[in-house]
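>>> Return a 3D structure for these sequence lines:
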Amino acid sequence: MDELLQRTAGLPEITLAVGDTLVREGESGDGLWILVSGTLHISKAGMAITSISRPAAAIGEISLLLNSPYTATVVAGAPSILRHAADGRALLVSEPAITRLIAAGLAERLDFATTYLVDLKHQYGDAPGLAMVSEVLDQLTHRQRPAARPGSVREPNPDY
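Next up is the predicted model:
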């Protein structure tokens, strides 16, 4: 992803202090950020998902591509520097190489998630609580529009 950092070198940079919120889940915006350095904590529905510290990670790309509100909350876990395109959609339209790199990053993440789910299926089969893995894999590999909705269609209070 060094190429993404090279291609976004002309964007203005912003600095976040520990605890600063970059975006909040459910809010709307058109920004796109590229991590130069630091650590960002990602949460969804109040649950910590991951931390990102890999330079060239994109933030806001899912919302731009789906034309939806931000899908997660992003908070600085360490002093961080990000490149910022205030009009992320315009950047993606005007810079196809950047769009391709962001699409590749999303494809890598999808591949990782599906590989992980397949591994769970191999290890645990249809054990209670994991029987939905096959359905999730099917949804991930065959989902077409209409756009995904936040939340889950799984049983909220399974008997296990």
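
>>> All the helices of this protein, residue numbers only.
Taking DSSP state H to define them, one finds helices in the chain at 2-7, 61-66, 88-94, 96-124, 133-142.

>>> okay, those helices, which one's buried deepest?
Greatest average neighbour count among the helices of the chain goes to helix 61-66 (a mean of 18), per mean count of other C-beta atoms under 10 Å. The way it works is simple: take the backbone N, C-alpha and C, and place the C-beta from them, glycine included.

>>> ok, back up a step: worst mean pLDDT among the helices of the chain?
Ranked by mean pLDDT, the helices of the chain bottom out at helix 133-142, with a mean of 65.

>>> picking that back up, reformat the helices of the chain as JSON lines; add distance to Ser53.
Listed next are the helices of the chain as JSON lines, based on distance: least, C-beta to C-beta, whole Å:
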{"stretch": "helix 2-7", "distance to Ser53": "14"}
{"stretch": "helix 61-66", "distance to Ser53": "17"}
{"stretch": "helix 88-94", "distance to Ser53": "21"}
{"stretch": "helix 96-124", "distance to Ser53": "15"}
{"stretch": "helix 133-142", "distance to Ser53": "26"}
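
>>> if we compare the ones you listed, which one ends up closest to Thr73?
Between Thr73 and the helices of the chain, the shortest gap by C-beta to C-beta is with helix 61-66, which sits at 12.2 Å.

>>> Grab the most central residue of this structure for me.
Ile62 (6.2 Å; C-alpha atoms, centre = their mean).

>>> For it, which non-adjacent residue is closest in space?
Distance criterion C-beta to C-beta, 6 or more residues apart in numbering; nearest residue to Ile62, sequence neighbours excluded, is Thr71 at 5.3 Å.

>>> pretty sure the one you found contacts Glu27?
No: applying C-beta atoms under 8 Å, one finds Thr71 not in contact with Glu27, separated by 10.5 Å.

>>> More neighbours: these two, which one.
In terms of neighbours (other C-beta atoms under 10 Å), Thr71 is the more surrounded of Thr71 and Glu27; the figures are 16 against 11.

>>> Kind regards, and thank you for your time.
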